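Engineer: this one's structure only:
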């Protein structure tokens with residue numbers, strides 16, 4: 001497995017020059033309310049990594065998880081195997097704490113499933129005494145605000161602590177006070193809708209019995225709902241490819257199973273990815289297998305198709321939309337599996353002042369790096385506390401949610417985010433400014449075969465070039 005290592009001080013960041021002198025002036029001010037804990041929302045991979053770094057730094061914290069167990073969202077796609085091996089899916093501080101307690105690390109080149117990630121890594125991490133004593137399950141955060149102050153009030157705002165309101169499983173409301181808040185809730189469970197407009201409607205919600213959002217376990221729990229049925233899979237990303245391959249295996253044992261693949265992409269080849277050129281072999285193999293299924297006509301492909309409405313008659317679903325400017329109806333569907341990506345939930349952050357990009361719904365400083373409307377490939381540049389700041393001092397969104405609707409997030413990126421944020425909160429400004437990433441060679445790009453006509457794409461940089469050259473190449477994506 002080839003990899004690249006990128007190191008940079010945030011003052012040299014691709015799109016956001018860092019006011020280093022201003023950061024230095026914060027050496028004293030950022031420690032306000034030091035007696036209060038840092039509150040982390042979400043006990044998934046990134047939230048638990050934040051906890052590990054807080055433990056390592058000797059910082060007091062509280063970790064709240066809405067689910068009944070840690071990694072709740074990961075267990076919902078536990079049957080899915082990751083593309084990247086163990087070495088890119090574990091956090092360094094977490095591993096250090098685990099080794100100190102006699103943990104046996106999985107082979108670093110193996111590809112874990114989501115469930116293995118939970119069982120072999122996240123659960124042992126959450127059970128470390130220093131983390132377990134500060135972890136609270138079944139605690140859904142419903143609001144975050146500044147203490148006794150709404151969003152409109154500006155006076156003395158930076159010096160005020162945060163108030164976090166959480167509901168227990170029984171409905172009791174508990175209020176926590178914190179000096180900083182790290183939102184690591186991710187985007188899973190907040191699917192984009194079926195319609196091309198991106199709008200949720202009661203029409204779509206009324207069909208919930210026939211629509212599945214996410215990656216169903218069609219070989220396990222959801223098998224009876226799809227085998228021998230006429231199934232539409234909507235989406236062109238890796239989640240859709242995984243779903244299609246599992247359905248194709250079912251079709252091999254029951255030929256009555258019909259698979260229809262619906263995308264908005266103008267070209268089918270866009271969905272295949274890098275195939276044999278992808279340095280993440282499992283991701284490349286995914287594209288290869290889908291390509292073979294389509295060529296063998298085991299999957300019917302309809303693209304580009306933009307869904308405008310859905311209806312139900314006699315238990316069957318019909319989708320109405322436009323294909324190449326012509327009206328089209330896809331009818332007699334038993335089940336629709338929606339793999340159109342996810343979006344962040346900001347509902348509980350309404351009383352905070354956020355710095356968000358209006359297109360991607362990512363943090364505004366990251367948007368030029370990851371917005372597919374700006375360039376052909378999503379880049380993963382080193383970024384940390386400085387880029388993750390919001391107008392609300394002391395509040396951070398990390399992990400998948402920091403990327404908003406953009407699909408190019410990698411777990412290793414989230415680990416580096418929280419390392420930098422925690423370093424800053426602990427007063428180590430030098431460590432916070434120096435950010436590093438260890439990624440698979442193709443980890444800097446969302447499409448391994450993407451190209452920009454007439455010039456070299458930022459996707460073509462290889463590990464052999466100097467860091468400065470790599471930075472220059474990637475800067476093309478910021479223009």
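Structural biologist: Now that the structure is in, tell me what you want to look at. Predicted model, so just to flag it, every value in this text is computed and none were measured.

Engineer: show me the contacts for residue 51.
Structural biologist: 40, 43, 61, 63, 131, 134-135 (Cβ atoms under 8 Å, 6 or more residues apart in numbering). In short, each C-beta sits where N, CA and C put it, glycine included.

Engineer: Mind telling me what element it is part of?
Structural biologist: Assigned by DSSP states H and E, residue 51 falls within helix 45-57.

Engineer: What is whichever helix or strand comes after that helix packed up against?
Structural biologist: Scanning forward in sequence from helix 45-57 by DSSP H and E, the next helix or strand is strand 61-64. For strand 61-64, the packing partners by 3 or more Cβ pairs under 8 Å, 6 or more residues apart in numbering; DSSP states H and E come out as strand 38-41, helix 45-57, strand 135-136, strand 173-178.

Engineer: how far does strand 61-64 sit from the chain's center?
Structural biologist: 21 Å (Cα atoms, centre = their mean, to the nearest Å).

Engineer: So for that strand, mean pLDDT?
Structural biologist: Averaging pLDDT along strand 61-64 gives 98.

Engineer: Over to stretch 361-371?
Structural biologist: On average, stretch 361-371 scores 88.

Engineer: How about stretch 76-85?
Structural biologist: Stretch 76-85 shows a mean pLDDT of 89.

Engineer: Same question for that stretch: list its buried residues.
Structural biologist: For stretch 76-85, the neighbour count (16 or more other Cβ atoms under 10 Å) marks 76-80, 82-85 as buried.

Engineer: ok so, going back, can you say which two of the contacts of residue 51 are spatially most distant?
Structural biologist: Across those, the longest distance by Cβ to Cβ is 11.7 Å; it joins 43 and 61.

Engineer: more neighbours, the two?
Structural biologist: Between residue 43 and residue 61, counting by other Cβ atoms under 10 Å, residue 43 is the more crowded of the two (30 against 23).

Engineer: Return the distance of stretch 327-334 from the chain's centre.
Structural biologist: 31 Å.

Engineer: mind giving me the domain ranges of this protein?
Structural biologist: Domain assignment for the chain, taken from automatic domain parsing, gives 3-189+342-478, 202-338.

Engineer: Assumed residue 256 was part of a helix.
Structural biologist: No: looking at residue 256 with DSSP: H, G, I helix; E, B strand; the rest coil, it is coil, so not inside a helix.

Engineer: how about the domains of the chain, which one is nearest residue 195?
Structural biologist: Closest among the domains of the chain, using Cβ to Cβ: domain 202-338, at 5.5 Å.

Engineer: Tell me how far the residue nearest in space to the middle of the chain lies from residue 382.
Structural biologist: Centroid check for the chain by Cα atoms, centre = their mean gives residue 400 as the closest residue, at 2.8 Å. Distance, residue 400 to residue 382, by Cβ to Cβ, to the nearest Å: 18 Å.

Engineer: Name whatever forms a beta bridge with residue 175.
Structural biologist: Residue 175 forms beta bridges with residue 165, as assigned by DSSP bridges.

Engineer: How about the contacts made by it?
Structural biologist: So residue 175 contacts 163-166 (Cβ under 8 Å, 6+ apart).

Engineer: so which of these comes closest to residue 173?
Structural biologist: Nearest to residue 173 among these, with distances taken as Cβ to Cβ, is residue 165, at 6.1 Å.

Engineer: what's around the closest one, how many residues?
Structural biologist: Neighbours of residue 165 (other Cβ under 10 Å): 16.

Engineer: What separation do you get for it and residue 210?
Structural biologist: Residue 165 is 36 Å from residue 210, by Cβ to Cβ.

Engineer: now residue 398
Structural biologist: 36 Å.

Engineer: returning to that earlier point: going by distance to residue 296, which of the contacts of residue 51 wins?
Structural biologist: Nearest member of the contacts of residue 51 to residue 296, counting by Cβ to Cβ, is residue 43, at 42.9 Å.

Engineer: Hmm, residue 65 and that closest one touching each other?
Structural biologist: Yes: if you go by Cβ atoms under 8 Å, residue 43 and residue 65 touch, sitting 3.7 Å apart.

Engineer: For these two, list the residues in contact with both.
Structural biologist: Common neighbours of residue 43 and residue 65 (Cβ under 8 Å, 6+ apart) are 72, 135, 137.

Engineer: By neighbours, which of these wins?
Structural biologist: residue 135 leads those on contacts (other Cβ under 10 Å) with 21 neighbours.

Engineer: Bridging across strands, which residues link to it?
Structural biologist: residue 63.

Engineer: Need the pLDDT of it.
Structural biologist: 97.

Engineer: Contact partners for it?
Structural biologist: Contacts of residue 135 by Cβ under 8 Å, 6+ apart are 43, 51, 63, 65, 70, 126.

Engineer: Distance-wise, check the first one relative to residue 68.
Structural biologist: This means residue 43. From residue 43 to residue 68 the distance is 11 Å (Cβ to Cβ).

Engineer: Wait, residue 392 touches residue 356, no?
Structural biologist: No: counting by Cβ under 8 Å, residue 392 does not reach residue 356; the two are 11.6 Å apart.

Engineer: what's the spacing between stretch 256-267 and its chain's center?
Structural biologist: On Cα atoms, centre = their mean, the centre of stretch 256-267 falls 24 Å from that of its chain.

Engineer: what sits up against it?
Structural biologist: Under Cβ under 8 Å, 6+ apart, the answer for stretch 256-267 is 196, 226-236, 240, 244, 247-248, 250-251, 271, 294, 298-307, 319, 330, 333.

Engineer: Equivalent analysis for stretch 413-423, please.
Structural biologist: 38, 45-46, 49-50, 53-54, 57, 59, 91-93, 182, 184, 380, 382-385, 388, 396, 398-400, 402, 429, 431-433, 435-437, 439.

Engineer: bridging residues for residue 234?
Structural biologist: Beta-bridge partners, per DSSP bridges, of residue 234: residue 262, residue 338.

Engineer: Would you map the strands across the stretch 51-200 of the chain?
Structural biologist: Per DSSP state E, counting those that start in this stretch, the stretch 51-200 of the chain carries strands over the ranges 61-64, 135-136, 139-146, 162-168, 173-178, 180-183.

Engineer: for those, which one ends up most surrounded?
Structural biologist: Among the strands of the stretch 51-200 of the chain, ranked by average contacts under mean count of other Cβ atoms under 10 Å, first place goes to strand 180-183 (a mean of 26).

Engineer: Okay, buried residues for the helix or strand that comes right after it please.
Structural biologist: Using DSSP H and E, the helix or strand that follows strand 180-183 in sequence is helix 202-205. For helix 202-205, burial by neighbour count (16+ other Cβ under 10 Å) applies to residue 204.

Engineer: packing partners for helix 202-205?
Structural biologist: strand 306-313.

Engineer: Outside of the strand it packs on itself, list whatever touches it.
Structural biologist: In contact with strand 306-313 (Cβ under 8 Å, 6+ apart) are residues 194-197, 203-204, 206-207, 210, 234, 262, 264, 317-323, 336.

Engineer: Pull out the buried residues from those.
Structural biologist: 194-196, 204, 210, 234, 262, 317, 319, 321, 336.

Engineer: Just name the closest of those residues to residue 117, please.
Structural biologist: Nearest to residue 117 among those, with distances taken as Cβ to Cβ, is residue 234, at 26.4 Å.

Engineer: who touches that closest one in this structure?
Structural biologist: By Cβ under 8 Å, 6+ apart, the neighbours of residue 234 are 194, 240, 262-263, 307, 336-340.
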